[in-house]
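[1] Structural data only, the sequence is not supplied:
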(Lines give C-alpha, C1' and ligand atoms only; values in the text may rest on other atoms or scores of the structure.)
Protein backbone atom coordinates (compact mmCIF):
# COMPACT_ATOMS: atom_id res chain seq x y z
CA UNK A 1 0.00 0.00 0.00
CA UNK A 2 1.30 3.45 -0.89
CA UNK A 3 0.81 6.91 0.43
CA UNK A 4 -0.69 10.13 -0.84
CA UNK A 5 0.99 13.51 -0.85
CA UNK A 6 -1.78 16.08 -0.44
CA UNK A 7 -0.89 19.70 -1.22
CA UNK A 8 -3.06 22.39 0.38
CA UNK A 9 -2.99 26.18 0.39
CA UNK A 10 -3.93 27.44 3.84
CA UNK A 11 -4.90 31.01 4.68
CA UNK A 12 -4.91 32.22 8.30
CA UNK A 13 -7.96 33.63 10.10
CA UNK A 14 -5.91 36.67 11.09
CA UNK A 15 -3.06 38.19 9.06
CA UNK A 16 -1.03 38.58 12.27
CA UNK A 17 -1.07 34.87 13.19
CA UNK A 18 2.37 33.28 13.09
CA UNK A 19 2.74 30.65 10.40
CA UNK A 20 4.29 28.07 12.71
CA UNK A 21 1.25 28.29 15.02
CA UNK A 22 -0.98 27.42 12.07
CA UNK A 23 1.20 24.47 11.03
CA UNK A 24 1.30 23.21 14.63
CA UNK A 25 -2.49 23.34 14.87
CA UNK A 26 -2.76 21.49 11.53
CA UNK A 27 -0.44 18.76 12.76
CA UNK A 28 -2.49 18.32 15.93
CA UNK A 29 -5.79 18.14 14.00
CA UNK A 30 -4.68 15.53 11.44
CA UNK A 31 -5.89 11.92 11.76
CA UNK A 32 -3.56 9.22 13.12
CA UNK A 33 -0.90 8.13 10.64
CA UNK A 34 -1.00 11.45 8.76
CA UNK A 35 1.80 14.02 9.00
CA UNK A 36 3.01 17.32 7.58
CA UNK A 37 5.88 16.66 5.19
CA UNK A 38 6.83 20.22 4.22
CA UNK A 39 5.65 23.79 4.33
CA UNK A 40 6.36 26.92 2.32
CA UNK A 41 5.23 30.52 2.78
CA UNK A 42 3.66 32.18 -0.27
CA UNK A 43 3.18 35.96 -0.06
CA UNK A 44 -0.18 37.10 -1.45
CA UNK A 45 -0.62 40.86 -0.94
CA UNK A 46 -0.67 43.61 1.69
CA UNK A 47 1.21 41.54 4.27
CA UNK A 48 -1.04 38.48 3.91
CA UNK A 49 0.68 35.17 3.24
CA UNK A 50 -0.57 31.67 2.56
CA UNK A 51 1.11 28.46 3.65
CA UNK A 52 1.56 25.72 1.07
CA UNK A 53 1.55 22.47 3.05
CA UNK A 54 2.40 18.97 1.82
CA UNK A 55 0.74 16.29 3.92
CA UNK A 56 1.56 12.58 3.73
CA UNK A 57 -1.39 10.25 4.30
CA UNK A 58 -1.95 6.51 3.82
CA UNK A 59 -3.63 5.52 0.59
CA UNK A 60 -7.07 4.64 1.93
CA UNK A 61 -10.64 5.22 0.78
CA UNK A 62 -11.82 8.71 1.78
CA UNK A 63 -8.47 9.79 3.27
CA UNK A 64 -8.23 12.99 1.20
CA UNK A 65 -11.66 14.07 2.45
CA UNK A 66 -10.66 13.31 6.05
CA UNK A 67 -7.51 15.41 5.71
CA UNK A 68 -9.40 18.32 4.12
CA UNK A 69 -11.97 18.21 6.92
CA UNK A 70 -9.28 18.13 9.62
CA UNK A 71 -7.41 21.08 8.08
CA UNK A 72 -10.54 23.19 7.66
CA UNK A 73 -11.46 22.76 11.33
CA UNK A 74 -7.95 23.34 12.75
CA UNK A 75 -7.32 26.39 14.93
CA UNK A 76 -6.13 29.57 13.20
CA UNK A 77 -7.16 28.31 9.74
CA UNK A 78 -9.42 30.73 7.92
CA UNK A 79 -9.60 29.00 4.56
CA UNK A 80 -7.96 26.06 2.81
CA UNK A 81 -7.80 24.98 -0.82
CA UNK A 82 -6.82 21.59 -2.22
CA UNK A 83 -4.08 22.18 -4.77
CA UNK A 84 -3.34 18.58 -5.72
CA UNK A 85 -3.01 14.96 -4.71
CA UNK A 86 -0.25 12.65 -5.83
CA UNK A 87 0.63 9.07 -5.11
CA UNK A 88 3.96 8.74 -3.33
CA UNK A 89 6.05 5.72 -4.13
CA UNK A 90 7.21 3.74 -1.13
CA UNK A 91 9.98 2.02 -3.08
CA UNK A 92 12.57 3.28 -5.52
CA UNK A 93 12.83 1.45 -8.84
CA UNK A 94 15.88 -0.78 -9.32
CA UNK A 95 18.88 0.83 -10.99
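    Looks like it arrived, so ask away. Bear in mind the structure is a predicted one, so any value in this text is a computation, not a measurement.
[2] any low-confidence regions in this protein?
    1, 89-95 (pLDDT under 70).
[3] what residue lies at the spatial centre of it?
    Centroid check for the chain by Cα atoms, centre = their mean gives residue 53 as the closest residue, at 4.0 Å.
[4] okay, how far is it across stretch 68-77, tip to tip?
    12 Å (Cα to Cα, to the nearest Å).
[5] any residues touching that stretch, and which ones?
    Outside stretch 68-77, the residues that touch it by Cβ atoms under 8 Å, 6 or more residues apart in numbering are 6, 8, 10-14, 17, 21-22, 25-26, 28-31, 34, 53, 55, 80, 82. All C-beta spots, glycine's among them, are computed from the backbone N, C-alpha and C.
[6] what comes up buried for that stretch?
    68, 70-71, 74, 76-77 (16 or more other Cβ atoms under 10 Å).
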